[in-house]
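Student: What follows is a predicted structure for the sequence shown.
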Amino acid sequence: MLHIIVCIKQVPMVSELPWDPRTGTLKRETAQGMMDPAARRALEAALQIKADRTSGPVSITAVSMGPPMAEEVLFEARALGADQGVLLTDPCMAGADTCMTAVILGKFIKNHCPDAGLILCGSMSSDSETAQVGPQLAEDLDIPAIGYARRLELVDGCIRVERHVDDFLELMEMDLPGLVTIDHAGESDRYTPRYVALGGVEAAFNKGGIQVMNSRALGLDHAFNALKHSPTKIMDVYSPVTEKKGRVLTGAVKKMVDTLFDDYGKIVSSAMGKDLKTHDHEEDV
Amino acid sequence: MEKQIWVWADYRNYFQSRVTLQILARATDLAKKTDAVVCAVVFGDRVDEYVAEYIAHGAQKVYVTDDPLLNTYNVESYAFLLSALVRRFQPETLLVGATRFGQEIAPRVAKQLNTGLTADCIDLDIDDKGRLVQIAPSFGGNLIAKIITPHTRPQMATIRPGTFQELPHDDDAKGKIIPISLPDHMPGPRVRCLKSELHPVRARKIETADIVITGGRGMGSKGKFKKLFDLAALLHAEVGATRPVVYADWVSTEALVGQAGKHIRPKVLFSFGVSGAIQHTAALADAKFIVAVNKNPNATMMKLADVALVADANQACSGIIRALKQRIRD
Ligand SMILES: Cc1cc2nc3c(=O)[nH]c(=O)nc-3n(C[C@H](O)[C@H](O)[C@H](O)COP(=O)(O)OP(=O)(O)OC[C@H]3O[C@@H](n4cnc5c(N)ncnc54)[C@H](O)[C@@H]3O)c2cc1C
Ligand SMILES: Nc1ncnc2c1ncn2[C@@H]1O[C@H](COP(=O)(O)O)[C@@H](O)[C@H]1O
């Protein structure tokens, strides 16, 4: 039986979020959350492997590290077809950078899923886009990894991955256990996520809860503190002040556009290398 | 010990990707502030040509491992080698271009060395204690964070292509080449590359275009967004877009302008229905003359503009098309 772990992050639905000026980290608890679109594609890849008869029996565990409300994305994952959902949550995990996130996810996989064969992540999450958690988790687990997969296939106990990286189309192969990150913006629609069937989320609620683990259950050291142990520190957060004191035009569109070309037409015409009449009433003779 | 700033050299797609040269240029500025030496680190098979290029673009020292065994980019062996070199020579700072390969190798090296890594810096600086200040948009909002790595070394950051400008090629520049042989105990690669073919798909014209037209969510719909291409045809311009537009599939990912996409430096930028989030505007810093259209006069993009038209994006686009048709002299 192939045990697939899918790492799913909950991300804020809105892009403008308040932050805590004291710790300099995001106040995630105030945002409405959704499943990270890239992780959703990773889940889709897992579900397709599971649906493929040639893969043999497959069990999918969805895991998320985050605040208690991140439970929602795990219910959703269950509704979509994941067999288990596990939430890793503890105040001491708050403020984890990518490295600490990888340590926490790694602890879960090492201590609680020793049979994990394939670990899937999104290539980059929509709220931070670091693309770091996948590679760092592979490093933490000391397993091989391939990033930016467009397509995966199990072939004789190893995994084959097609990817597009820096203008190179590549076909890679590795033995399992291994980690693959799924491209967040594939040109092929292979891993376009499916939607939850009506009532699916509720059915998932009934199928039994999500397993919740704190740092002790996980087996983390009692002194573990993600924020303190993150090697990077935020010194300052500010809003970029960028004002040009340009000219503001209001009124009828035709008038604004005429002013634009009457007064600035030269700039546009020199950029395009073509002559522009500076007044539209100026007639060609 | 001599302070060093390292730039990991990514030459695989050399003629398309100038990111290593761009970072070398910035590293040269930073090195002046801390009295450090700018070094490039090159792995590969027969890389003399690249080494010479890096020296001509500011590298004072180049660490080179040149071996037939390194003839394909392999993230595991490259990460292993890079970490080993860092342990040996202890640079203060390690900068990596955020190509996809760079984004794979950097986090692995950071984890192996137990040090921090800031992704997608839009600028780098040195503080009064000589530390690297990693400046990056943060938290998905309109905020910029200054990040430091106080306790561990090296201080690591990735930088997107186009963020900095390369120095002119200097044939007379001198640099020291330090050959490093492969260690005897190289672990065998666990990931095998069965095929790797160059498929350049991206038309990168937007990065060099003199006129760029960007459209945001304010264009309203995929159908209406198409009007920007009509305008582009008249202006000989390229069309760019914001992330929500790309996500909604109004236009292909290649058009994305911003932190996660292309940096542009047009002489004239027309921006329609764009709010001006920092992840987008970080890539517009070099636009010379900006015309913005937004129905909200207080949108950040309007404040960045030389001429701001308070109008509906579609109507303004049509109006500009009409005016141009009358005004262009052939
Ligand atoms: C990690 C990360 C990376 C990101 N990277 C990028 C990136 O590379 N590039 C990027 O663009 N974004 C990026 N973003 C997203 C970015 O934060 C913004 O959400 C995005 O740029 C907003 O796009 P927009 O201006 O089209 O949409 P909105 O913010 O929704 O703005 C729409 C604008 O249109 C105006 N408008 C609405 N209707 C009309 C109308 N009829 N006529 C005229 N104006 C109208 C509104 O007033 C508003 O100002 C990133 C975000 C994150 C978290
Ligand atoms: N807190 C988290 N819990 C579970 N998975 C995560 C978490 N953060 C990141 N990931 C995974 O790592 C991928 C890349 O995230 P990032 O490094 O933030 O761009 C995501 O798509 C997820 O698959």
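Tutor: Perfect, thanks for sending it. Ligands and ions are numbered 1, 2, ... in the order given.
Student: Mind listing residues that contact stretch B:167-186?
Tutor: B:21, B:24-25, B:28, B:51, B:53-67, B:69-70, B:77, B:80-81, B:84-85 (CB atoms under 8 Å, 6 or more residues apart in numbering or on different chains). In short, each C-beta sits where N, CA and C put it, glycine included.
Student: what about the chain, any weak spots by pLDDT?
Tutor: This is for chain A. A:14-31, A:186-189, A:197-208, A:279-285 (pLDDT under 70).
Student: if you could check chain B rather than the one you did, that'd help
Tutor: Along chain B, the parts satisfying pLDDT under 70 run over B:15-16, B:139-141, B:201-204, B:330.
Student: Would you map out the domains in it?
Tutor: What automatic domain parsing lists as the domains of chain B is B:3-179, B:202-327.
Student: cool, and chain A?
Tutor: With automatic domain parsing as the reference, chain A has domains A:2-229, A:253-284.
Student: give me phi/psi at the nearest residue to B:G273 once chain neighbours are set aside?
Tutor: Nearest non-adjacent residue to B:G273, counting by CB to CB, 6 or more residues apart in numbering or on different chains: B:G218, 2.0 Å away. Here is the backbone geometry of B:G218 (degrees, to the nearest 10): phi -70, psi -10.
Student: And the strands in the stretch 151-300 of chain B, which stretches?
Tutor: Under the criterion DSSP state E, counting those that start in this stretch, the stretch 151-300 of chain B contains strands at B:155-159, B:176-179, B:191-198, B:211-215, B:238-241, B:268-272, B:289-294.
Student: okay, the ones you listed in JSON lines with mean neighbour count and distance to A:A131 next?
Tutor: Converted to JSON lines, those look like this (neighbours: other CB atoms under 10 Å in any protein chain shown; distance: least, CB to CB, whole Å):
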{"stretch": "strand B:155-159", "mean neighbour count": "28", "distance to A:A131": "9"}
{"stretch": "strand B:176-179", "mean neighbour count": "13", "distance to A:A131": "31"}
{"stretch": "strand B:191-198", "mean neighbour count": "13", "distance to A:A131": "17"}
{"stretch": "strand B:211-215", "mean neighbour count": "28", "distance to A:A131": "24"}
{"stretch": "strand B:238-241", "mean neighbour count": "27", "distance to A:A131": "21"}
{"stretch": "strand B:268-272", "mean neighbour count": "28", "distance to A:A131": "28"}
{"stretch": "strand B:289-294", "mean neighbour count": "26", "distance to A:A131": "30"}
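Student: Just list whatever residues bridge to A:D236.
Tutor: Under DSSP bridges, the beta-bridge partners of A:D236 are B:K146.
Student: ok, it touching B:A145?
Tutor: Yes. The pair A:D236 and B:A145 qualifies as a contact (CB atoms under 8 Å) at a distance of 7.1 Å.
Student: so does the host helix or strand of A:G134 get close to chain B?
Tutor: Taking DSSP states H and E as the criterion, the element that holds A:G134 is helix A:133-141. Yes. Remark: helix A:133-141 sits within contact range of chain B at A:133, A:135-136, A:138-140, by CB under 8 Å from any CB of the partner chain.
Student: Narrow the residues you listed to just the buried residues.
Tutor: Burial by neighbour count, 16 or more other CB atoms under 10 Å in any protein chain shown: within these this picks out A:133, A:135-136, A:138-140.
Student: so who does A:Y238 touch?
Tutor: Counting by CB under 8 Å, 6+ apart, A:Y238 makes contact with B:143-144, B:146.
Student: center of chain A - which residue?
Tutor: In chain A, the residue lying closest to the centroid (CA atoms, centre = their mean) is A:S125, at 1.8 Å.
Student: Test my guess that that one contacts A:V11.
Tutor: Yes. The pair A:S125 / A:V11 is scored as a contact, 5.9 Å apart, by CB under 8 Å.
Student: Shouldn't A:S64 be within a strand?
Tutor: Yes. Counting by DSSP: H, G, I helix; E, B strand; the rest coil, A:S64 is part of a strand.
Student: Near it, how many other residues are there?
Tutor: Number of residues near A:S64 (other CB atoms under 10 Å in any protein chain shown) recorded here: 26.
Student: Is it in contact with A:A70, as I believe?
Tutor: Yes. Contact criterion CB under 8 Å: A:S64 and A:A70 qualify, at 4.9 Å.
Student: what's the overlap in contacts for the two?
Tutor: Common neighbours of A:S64 and A:A70 (CB under 8 Å, 6+ apart) are A:9-10, A:87.
Student: any chance of these in JSON lines, with secondary structure, distance to B:A157 and neighbour count too?
Tutor: JSON lines is the format used below for these (DSSP: H, G, I helix; E, B strand; the rest coil; distance: CB to CB, whole Å; neighbours: other CB atoms under 10 Å in any protein chain shown):
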{"residue": "A:K9", "secondary structure": "coil", "distance to B:A157": "22", "neighbour count": "22"}
{"residue": "A:Q10", "secondary structure": "strand", "distance to B:A157": "27", "neighbour count": "27"}
{"residue": "A:L87", "secondary structure": "strand", "distance to B:A157": "32", "neighbour count": "25"}
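Student: what are the ranges of the strands in the stretch 101-250 of chain A?
Tutor: Assigned by DSSP E, counting those that start in this stretch, the strands in the stretch 101-250 of chain A fall at A:116-122, A:145-155, A:158-165, A:168-175, A:178-182, A:211-213, A:233-238, A:247-249.
Student: Go through those strands and pick out the most buried.
Tutor: strand A:178-182 (a mean of 27; mean count of other CB atoms under 10 Å in any protein chain shown).
Student: Which strand residues bridge B:F272?
Tutor: B:G215, B:V293.
Student: Quick check: it touching B:R217?
Tutor: No. B:F272 lies out of contact with B:R217 (CB under 8 Å); the separation is 10.3 Å.
Student: Show me where the chain has its helices.
Tutor: All of this refers to chain A. For chain A, applying DSSP state H gives helices covering A:37-51, A:71-80, A:98-112, A:133-141, A:200-206, A:215-218, A:226-229, A:253-272.
Student: Can you look at chain B instead?
Tutor: Counting by DSSP H, chain B has helices at residues B:19-34, B:48-56, B:75-89, B:100-112, B:205-208, B:222-225, B:227-235, B:243-247, B:278-281, B:300-304, B:313-327.
Student: and the first one, anywhere near chain A?
Tutor: No. Judged by CB under 8 Å from any CB, helix B:19-34 stays clear of chain A, getting no closer than 10.0 Å.
Student: What of the third one?
Tutor: Yes. Applying CB under 8 Å from any CB, one finds helix B:75-89 touching chain A at B:75-76.
Student: so what sits against both of A:S125 and A:V11?
Tutor: Residues touching both A:S125 and A:V11 by CB under 8 Å, 6+ apart: A:D36.
Student: can you count the residues close to residue 34?
Tutor: Picked chain A for this. 17.
Student: wrong chain, I was asking about chain B
Tutor: 14.
Student: how close does it get to B:I126?
Tutor: Look at B:T34 and B:I126: by CB to CB, to the nearest Å, they are 5 Å apart.
Student: same check, this time on A:A185
Tutor: 35 Å.
Student: go on, A:P68?
Tutor: Here the criterion is CB to CB. By it, A:P68 lies 41 Å from B:I126.
Student: which one of those two has more residues nearby?
Tutor: With neighbours defined as other CB under 10 Å, A:P68 and B:I126 compare such that B:I126 has more, 18 against 10.
Student: Contacts only, for that one.
Tutor: B:30, B:33-34, B:132-133.
Student: Now, of the contacts of stretch B:167-186, which are buried?
Tutor: Buried subset of these (neighbour count, 16+ other CB under 10 Å): B:21, B:24-25, B:28, B:51, B:53-67, B:70, B:77, B:80-81, B:84-85.
Student: returning to what we had before: contacts for the helix holding A:G134?
Tutor: Outside of helix A:133-141, the residues within contact range by CB under 8 Å, 6+ apart are A:7, A:9, A:98-99, A:101-103, A:105-106, A:109-110, A:119, A:121-123, A:125, A:144-145, A:147, A:177-179, A:181, B:75, B:104, B:107-108, B:110-112.
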